[in-house]
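**Student:** need coordinates for the below:
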Amino acid sequence: MEFKLELVVVPVSDVDRAKAFYADKMGFAVDVDHRASDAFRVVQLTPPGSACSITIGVGVSTGVPGTYQGLHLVVPDIEAARAWLVERGVEASEPFHFGPAGQTTGVHPERNDYETFVSLSDPDGNGWLVQEVGHHT
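**Tutor:** Below is the predicted model:
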């Protein structure tokens, strides 16, 4: 039996502002933008290369905008990904990792998978982590 995660609903306060952030700054593809009425609108966006999408909209979530934290995007080169995001206007943290002293600025010294991160937030404060997996030195 396979269970594939296909969609995560992210609560936002302003659909157009969030759509612009995810599409224009984060580079997500806009798959659907359907408005049935003023009470229902669904916008589905997919990160480049991802099999899982997000949905934002009106009438699609009871979640409080800005309360989702820890959504992960995986990239093979954290430094290149951060540079690409910053170039597009995303306020992304410097790369960081965790070690004996806790959270430390910089990439993991051994560039191990799942150990280097960049954090960012959407306009509502929903928090994302970009995580390096598959970097080859």
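**Student:** domain-wise, how is the chain divided?
**Tutor:** Taking automatic domain parsing as the criterion, the chain consists of the domains 7-58, 71-132.
**Student:** same list (those) but as TSV, adding distance to V64.
**Tutor:** To be clear about C-beta, it is placed using only N, CA and C from the backbone, and glycine gets the same treatment. Formatted as TSV, the domains of the chain follow (distance: least, Cβ to Cβ, whole Å):
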stretch	distance to V64
domain 7-58	6
domain 71-132	9
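**Student:** may I see those organised as JSON lines, with mean neighbour count and mean pLDDT added?
**Tutor:** Listed next are those as JSON lines, based on neighbours: other Cβ atoms under 10 Å; pLDDT from 0 to 100:
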{"stretch": "domain 7-58", "mean neighbour count": "16", "mean pLDDT": "97"}
{"stretch": "domain 71-132", "mean neighbour count": "16", "mean pLDDT": "96"}
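**Student:** so which of those domains gets nearest M1?
**Tutor:** Nearest of these to M1, taken as Cβ to Cβ: domain 7-58 at 17.4 Å.
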